[in-house]
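**Student:** task: produce atomic coordinates for the following.
(one chain, ligands or ions: 2)
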Amino acid sequence: MKYNSFMLHNFKNIPQLKTVSPEIIEAIEIVGSVLPFKTNNYVIDNLINWKNVPDDPMFKLTFPQKDMLIPEHYAKMKSVIDSGSDKQTIKKAADEIRLQLNPHPAGQLEHNVPIIEGEKLYGMQHKYRETVLFFPSQGQTCHAYCTFCFRWPQFVGIEDLKFASKEAELLVKYVKDHKEVTDVLFTGGDPLIMKTKNLETYIRPLLDANIEHLKNIRIGSKALAYWPYRFITDDDADDLLNLFEDVKRAGKHLAFMAHFNHPAELEGDAVAEAIKRILRTGAVIRTQSPVLKHINDSAETWAEMIKKQVVLGCIPYYMFIARNTGAQHYFSIPLVEAWNIFRKTYQSVSGICRTLRGPSMSCLPGKVQILGVAEIKDEKVMVFRMIQGRNPDWAARPFFAKYDEKAIWYTDLKPAFGEEKFFFTDELNKFITPAKVEYNFE
Ligand SMILES: *Cc1c(COP(=O)(O)O)cnc(C)c1O
Ligand code: SF4
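**Tutor:** Ligands and ions are numbered 1, 2, ... in the order given. Alright, predicted model coming up:
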């Protein structure tokens, strides 16, 4: 299958758009100049139900929508574009808005950046003891962009390919030196945007180094949803599957962390075939998604999605809370509502689908899961625990916050029972300089 991508400069060539209203086209152009926009022929022809546009969830997941910008920002961009401004001026206006959306708080990576011989390794993050995240410099884009994602502005521009092998060398050294690390998670963007030969330059050295304590190689990817031909008909699809087999042969587990946001992404022969081919290599596919308003904010949608995943041989893994950045006002739902979606989903599927964990916020202290709402001695509270903690000792300890049906993020929470702080607050503040506590980053 031939891959055709569409972005701001050529999206008007998409035949299906001929049937949508001029207001929708205008919104794509205006919002798409601020928020990420890229899609492709597979998404357009197979995932979007054009009869349901503009309400179709896959349309909203990949095409910018008017309400993703607040009216003031929309009006500003519209006037800049309508007045025929040059590229530079448009970019400057867009950048100003992006800054106000706080897309990537300054120092987002600062606290989790590993250090080797006094040098910071900016392509890596090491927050949780067992798992190192690795962002290959060539993997900082995707087969299509999700409108809820705000990662890409940080990564565009990091396209210097020369350092690939150098990066891999440092990764190997770091993992070797850190006996507590069992997992390396390749992430992005999407590492499977890379040609197999490039991905190999990162993975082979890790295997060749024979690191006993390294057990799991994880690859986080949305390619199954947005471009399943990556595993079927792309030139180097078979090479990729061979690489997966070699991971297995080296005695490691290949954990494919697949992003799926909607059951529509699991329909059709291509994704089923791609999953089958990946599983045949001995890899295991685990799935994850945030809960997103307009896209998948119902228990029925989630139940349908995870049931399909299980039938296809995947293991549901994480339900995340949408981050409090970017078009947050558009996608966010309150924590209590997310929990209700989780609860109803969980209650309506069989035990083998209940490997789903969440809803979980990836925030400053760790991966914070809302366990539910409870009433304790006449006080209505929200119950949480950390699935991962910045300090490993914090994991699996329940804690309580005042009930707040509007809270959408960890920073909205106040300790219950008249307490002044959570059990981890003091220690967290020692990790982080006070000026940065307001920020929420991975
Ligand atoms: C989610 C995440 C991981 C992986 O956590 P698991 O619970 O092991 O899947 C690792 N590092 C960071 C920064 C994360 O956010
Ligand atoms: S696939 Fe992942 S990294 Fe890429 S745009 Fe979507 S959410 Fe962002």
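**Student:** in terms of helices and strands, where is E23?
**Tutor:** Here E23, judged by DSSP states H and E, is contained in helix 22-31.
**Student:** any idea which helix or strand comes after that helix?
**Tutor:** Using DSSP H and E, the helix or strand that follows helix 22-31 in sequence is strand 39-40.
**Student:** what does the next helix or strand after that following strand rub up against?
**Tutor:** Proceeding N to C from strand 39-40, the next assigned helix or strand is helix 41-42, under DSSP H and E. The contact list for helix 41-42 (C-beta atoms under 8 Å, 6 or more residues apart in numbering) reads 1-4, 6, 143, 226-229, 270. Every residue, glycine included, has its C-beta placed from N, CA and C.
**Student:** same check on stretch 226-246?
**Tutor:** For stretch 226-246, using C-beta under 8 Å, 6+ apart, the contacting residues are 1, 3, 40, 42-43, 142-144, 192, 195-197, 199-200, 203-204, 207, 223-224, 254, 256, 265, 270-271, 273-274, 277-278, 280-283.
**Student:** any bit of that stretch sitting next to ligand 2?
**Tutor:** No. Judged by C-beta under 6 Å from any ligand atom, stretch 226-246 makes no contact with ligand 2; its nearest approach is 6.8 Å.
**Student:** off-centre distance for that stretch?
**Tutor:** Relative to the chain's own centre, stretch 226-246 is displaced by 21 Å; criterion: C-alpha atoms, centre = their mean, to the nearest Å.
**Student:** quick check: buried residues in it?
**Tutor:** Within stretch 226-246, the residues that count as buried by 16 or more other C-beta atoms under 10 Å are 226-232, 234, 236-237, 240-241, 243-244, 246.
**Student:** circling back: now flag whichever of the contacts of helix 41-42 is closest to K176.
**Tutor:** Within the contacts of helix 41-42, the smallest distance to K176 is 32.8 Å, found for H143 (C-beta to C-beta).
**Student:** got the contact list for the closest one?
**Tutor:** By C-beta under 8 Å, 6+ apart, H143 lies in contact with 3, 5, 40, 42, 190, 193, 222-223, 226-227, 230.
**Student:** out of those residues, which one sits closest to ligand 2?
**Tutor:** Ligand 2 lies nearest to K222 out of these, by C-beta to the nearest ligand atom, at 3.4 Å.
**Student:** need phi/psi at the closest one.
**Tutor:** Torsion angles at K222 (phi, psi; degrees, to the nearest 10) stand at phi -110, psi 10.
**Student:** pLDDT wise, what is it at?
**Tutor:** What the model reports as pLDDT for K222 is 98.
**Student:** tally of neighbours for it?
**Tutor:** For K222, the count of nearby residues is 25 (other C-beta atoms under 10 Å).
**Student:** is it true that it touches H262?
**Tutor:** No. Using C-beta atoms under 8 Å, K222 is not in contact with H262, being 11.8 Å away.
**Student:** against P191, how distant is the closest residue to T187 other than its chain neighbours?
**Tutor:** Distances taken as C-beta to C-beta, 6 or more residues apart in numbering place G220 nearest to T187, at 4.2 Å, with adjacent residues excluded. As for G220, its distance to P191 is 7 Å (criterion: C-beta to C-beta, to the nearest Å).
**Student:** what sits up against stretch 367-382?
**Tutor:** 321, 335-336, 338-339, 342-343, 357-361, 383-388, 398, 400-404, 407, 410, 413, 416-417.
**Student:** please redo it, this time with the cut-off set to 6 Å
**Tutor:** With C-beta atoms under 6 Å, 6 or more residues apart in numbering as the test, stretch 367-382 has contacts from 335, 339, 359-361, 383-388, 400-401, 403, 410, 416.
**Student:** closest to ligand 1 among those?
**Tutor:** Of all the contacts of stretch 367-382, Q388 has the smallest distance to ligand 1: 4.9 Å, by C-beta to the nearest ligand atom.
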